[in-house]
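[1] this one's sequence-less:
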């Protein structure tokens, strides 16, 4: 109980520190590791000591592991001090950052085809251990579904799939790992993996793996090698979609999808469902409609602004960037899925022989699609209007996986909008993301999601938004060794 309270207290301290102006340059502010204070968690006196000294806890964070030797065992990753970005090489260009980041990501794949967190803390899954964090040099880093899914999406966006590309073997191994996890899951619950209490699950939602699996399996459409693989992909995706539909509440949310910023996984759910719909999966329109309720919650379409989030909304950790970027991402995905739906409705309306009921439904669909498009435009305007505000774009106050995911969502929205607003954001985003890259090509978080796999993948996905979905000059991204990292 004390450990749980201590963790919540420290999160509040970090949040307060981030709101007190601890933001510099390219959002590279860092907080001291708070591990040495953990023993004080069991007493009230200890908490008072932390409260007294919390305002000065500013400096390097040592929570993210250094995976500069990518072929070590995943059982025990050392956790040295976090790299000081100011000591890194000069900031790379976007193209150089992509090449270095993709090379790093490929080098971290485990021998079972999956990716682990890439270092950082884990939650204690031993019930006798009280559920607190596990940190230090012997933290295990097994492959997990969420990090594997986001890594494979990154490869796909970079033109590397199980069917083609220089790294198709790595992509094929990842695809197999994902399918094995989904195929081994039960039919009814929202879980698709037995691995529990990863950083992603604790911070952005218990069922984030499920939503990430739905996203990547949708993106793999027509990108796997051969008909048997395609049938396997489609079956796995149908299973994930059915699980989501079975467990979805009427307002589009999910019971038990708890997390520090669970709104981010809710946005990933929108991405999964709408991408699945576009890929031809059997997604019930009612499920998509319920999901859209989450995307528009608190959005004033007439004013083009976000109001306060409803009390029942998934947690955003009090960070507007997370909530608004996530909802914008979901709305954009919904608009993409509506393209085919709109074409079908217009075809029905133009058909003089169409049945009256069919024409009535088509007319209703067109009205709903128009409303959806207006909501997407309003959310885009609302977010764009805040992008010059450094406090807004800083998110929690410094970079974590949550920020990189939010940047990806925003970048997709502003890129679709185009014009000077896109040029301004691209310049700022590129400077921020490239400036945060480590010398080894990775990105690491300074709070909450610190693992280098998710941070690297989402940073790369942000940079890849405006790239063509073919080979992004990967000729120099081959790992230094062809031997995968050993999985647990």
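    Here it is on my side, so go on. All values reported here derive from a predicted model rather than from experimental measurement.

[2] report the longest helix in this protein, please.
    helix 320-350 (DSSP state H).

[3] quick check: residue 270 vs residue 389, distance?
    25 Å (C-beta to C-beta, to the nearest Å). For every residue, glycine as well, the C-beta is placed using N, CA and C.

[4] more neighbours: the two, which one.
    Neighbour comparison, residue 270 and residue 389: the larger count goes to residue 270, with 26 against 11 (by other C-beta atoms under 10 Å).

[5] the more buried one against residue 336, yeah?
    No: the pair residue 270 / residue 336 is not scored as a contact, 10.7 Å apart, by C-beta atoms under 8 Å.

[6] mind checking the SS state of the closest residue to residue 185 other than its chain neighbours?
    Of all residues not flanking residue 185 in the chain, residue 192 sits nearest, at 4.4 Å (C-beta to C-beta, 6 or more residues apart in numbering). At residue 192, secondary structure determined by DSSP: H, G, I helix; E, B strand; the rest coil is coil.

[7] how about residue 192, what does it touch?
    Applying C-beta atoms under 8 Å, 6 or more residues apart in numbering, one finds that residue 192 lies in contact with 145, 181-182, 185, 209-210, 213, 239-240, 243.

[8] turn these into CSV, including neighbour count, secondary structure and pLDDT.
    As requested, the contacts of residue 192 are exported to CSV (neighbours: other C-beta atoms under 10 Å; DSSP: H, G, I helix; E, B strand; the rest coil; pLDDT from 0 to 100):
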residue, neighbour count, secondary structure, pLDDT
145, 29, helix, 98
181, 23, helix, 97
182, 23, helix, 98
185, 22, coil, 97
209, 31, helix, 98
210, 31, helix, 98
213, 28, helix, 98
239, 20, helix, 98
240, 29, helix, 98
243, 23, helix, 98
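
[9] test my guess that residue 252 contacts residue 286.
    No: checked against C-beta under 8 Å, the pair residue 252 and residue 286 is beyond contact range at 10.4 Å.

[10] tell me the one of the contacts of residue 192 nearest residue 113?
    residue 181 (10.2 Å; C-beta to C-beta).

[11] give me the helices and strands touching the longest helix of the chain, please.
    For helix 320-350, the packing partners by 3 or more C-beta pairs under 8 Å, 6 or more residues apart in numbering; DSSP states H and E come out as helix 263-278, helix 285-296, strand 305-306, helix 356-384, helix 390-393, helix 401-417.

[12] circling back: between residue 252 and residue 286, which one's more packed in?
    Higher neighbour count among residue 252 and residue 286: residue 252, with 23 against 11, using other C-beta under 10 Å.

[13] quick one: that one is in a helix?
    No: the assignment for residue 252 (three-state DSSP) gives coil, which keeps it out of a helix.

[14] ok now do residue 456, which residues does it touch?
    Contacts of residue 456 by C-beta under 8 Å, 6+ apart are 101, 104-105, 118, 441-443.

[15] would JSON lines of these with secondary structure, distance to residue 459 and neighbour count be doable?
    Shown next, in JSON lines, are the contacts of residue 456 (DSSP: H, G, I helix; E, B strand; the rest coil; distance: C-beta to C-beta, whole Å; neighbours: other C-beta atoms under 10 Å):
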{"residue": "101", "secondary structure": "helix", "distance to residue 459": "7", "neighbour count": "28"}
{"residue": "104", "secondary structure": "helix", "distance to residue 459": "11", "neighbour count": "25"}
{"residue": "105", "secondary structure": "helix", "distance to residue 459": "10", "neighbour count": "29"}
{"residue": "118", "secondary structure": "coil", "distance to residue 459": "12", "neighbour count": "30"}
{"residue": "441", "secondary structure": "coil", "distance to residue 459": "10", "neighbour count": "24"}
{"residue": "442", "secondary structure": "coil", "distance to residue 459": "9", "neighbour count": "26"}
{"residue": "443", "secondary structure": "coil", "distance to residue 459": "4", "neighbour count": "28"}
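
[16] closest to residue 305 out of these?
    Comparing the contacts of residue 456 against residue 305 with C-beta to C-beta places residue 443 closest, at 31.3 Å.

[17] give me the element the residue lying closest to residue 217 once chain neighbours are set aside is part of.
    In space, and not counting its chain neighbours, residue 217 is closest to residue 237: 4.0 Å by C-beta to C-beta, 6+ apart. Following DSSP states H and E, one finds residue 237 within helix 227-247.

[18] angle of that helix against helix 285-296?
    Helix 227-247 and helix 285-296 are oriented at 70 degrees to each other (axes from the mean of the first three to the mean of the last three C-alpha atoms, to 10 degrees).

[19] off-centre distance for stretch 115-127?
    Here stretch 115-127 is found 17 Å from its chain centre; the criterion is C-alpha atoms, centre = their mean, to the nearest Å.
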